[in-house]
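A.B. asks: need coordinates for the below:
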Amino acid sequence: MRIGITYDLRKTYLEAGYGEEETAEFDYPETIQAIADTLSELGHLPEPVGNVMQLMPRLIGGDRWDLVFNIAEGLHGFGREAQVPALLDAYRIPYTFSDPLVLSLALHKGMAKHVVRGCGVPTPDFAVIESLADLDRLALAYPLFAKPVAEGTSKGINAASRVCSPAELSSVCQLLLARFHQPVLVETFLPGREFTVGIAGTGCQAMVLGVMEVLLGPKAEADAYSYHNKEYYQGLVDYRLVEGELAHQVGEVALSAWRGLGCRDGGRVDLRLDAAGVPHFIEVNPLAGLNPERSDLVILCRLAGIGYTELIGRILDSAVGRCPAPSRSVAMDPVFG
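C.D. replies: The predicted model follows:
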């Protein structure tokens, strides 16, 4: 198959004047090269395309691919991760990972938690704070945890995210509202162990790749898998594969959330135990990082004995299996190009 690869390169945005934290979700050239090399190893013809602005003229100019391996994160708005999939849907080009609806829903952590809770999956009580006036109506018991409602890579999360008083919460919310220009998710802080679950597949075919515990070292920022801890994980964070009954319980909760949200092909679900040891959904990453060395999903798979080629192969197999080739029709080529 001829497979296009869509992505956002971090250096592109740094050169345009964006900051280190603003670009934290974007990829390095070695990630794109690793994906391309793996696709070649699997017998396909990879073709790097780039971000949404680079994709649009290619589509208008008539370029087509049998499949697009999409890891583009986008830059602006709650629908930023949905921009490339929406374009590909318009041209009826199949792609890996979730569709625009799921990517937009999952990025907004408050909306995702509403859906997950409606599916009967445990998740901490929460509120979405759009202005400081919303804090007057907050009815959650302390301690609480506050973070931007729609950021990845733990942006906006640090040791101050765990708050123990109304004054602390007001201060943190004021800072986050001003800094990220989006609502703040405030939820009950869970004191138990933290896990991330790797998942491959779609719907009833989805399966757990492994359950990994995230353990903060003595030099790490406390109480949170923060941006600093994640960015400088070596020496700060220890990752351990979890097995047995606990892994089964955590994996089942993760699968329920994954299927309830409609996620596809591969990604991660983050969970934490409450004081009674019950696993709770925290958030989902349906567009997980695929850096061959430092991304959590890849680290998890490596601990579980799943190599990089096998991981990419499973993602690809899931996408191909659910994407029958469309018949050629006028609808495949928008007339307003």
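A.B. asks: alpha carbons only for contacts and neighbour counts from here, please
C.D. replies: Fine.
A.B. asks: report the contact partners of the residue nearest in space to the middle of the chain.
C.D. replies: When the chain is reduced to its mean C-alpha position, the nearest residue by C-alpha atoms, centre = their mean turns out to be N285, at 2.3 Å. N285 makes contacts with 106-107, 267-269, as judged by C-alpha atoms under 8 Å, 6 or more residues apart in numbering.
A.B. asks: apply 6 Å and report the result again.
C.D. replies: Counting by C-alpha atoms under 6 Å, 6 or more residues apart in numbering, N285 touches 267-268.
A.B. asks: for it, give the beta-bridge partners.
C.D. replies: R268 (DSSP bridges).
A.B. asks: just say helix, strand or coil for the closest residue to A304 other than its chain neighbours.
C.D. replies: Ranked by C-alpha to C-alpha, 6 or more residues apart in numbering and with sequence neighbours excluded, the top spatial neighbour of A304 is G210, at 6.0 Å. When classified by DSSP: H, G, I helix; E, B strand; the rest coil, G210 comes out as strand.
A.B. asks: what's the burial count for G210?
C.D. replies: The number of residues packed near G210 is 25, by other C-alpha atoms under 10 Å.
A.B. asks: got it, and A159?
C.D. replies: A159 is flanked by 15 other residues according to other C-alpha under 10 Å.
A.B. asks: buried set for the helix or strand where L255 lies?
C.D. replies: For L255, the enclosing helix or strand under DSSP states H and E is helix 245-261. Neighbour counts over helix 245-261 (16 or more other C-alpha atoms under 10 Å) mark 247, 250-261 as buried.
A.B. asks: just stretch 289-299 next, same as before
C.D. replies: Within stretch 289-299, the residues that qualify as buried are 289-292, 296-299, counting by 16+ other C-alpha under 10 Å.
A.B. asks: ok, D296 - contacts?
C.D. replies: Applying C-alpha under 6 Å, 6+ apart, no residues qualify as near D296.
A.B. asks: and the pLDDT at it?
C.D. replies: Note for D296: predicted pLDDT of 95.
A.B. asks: got it, and A331?
C.D. replies: pLDDT at A331 comes out at 42.
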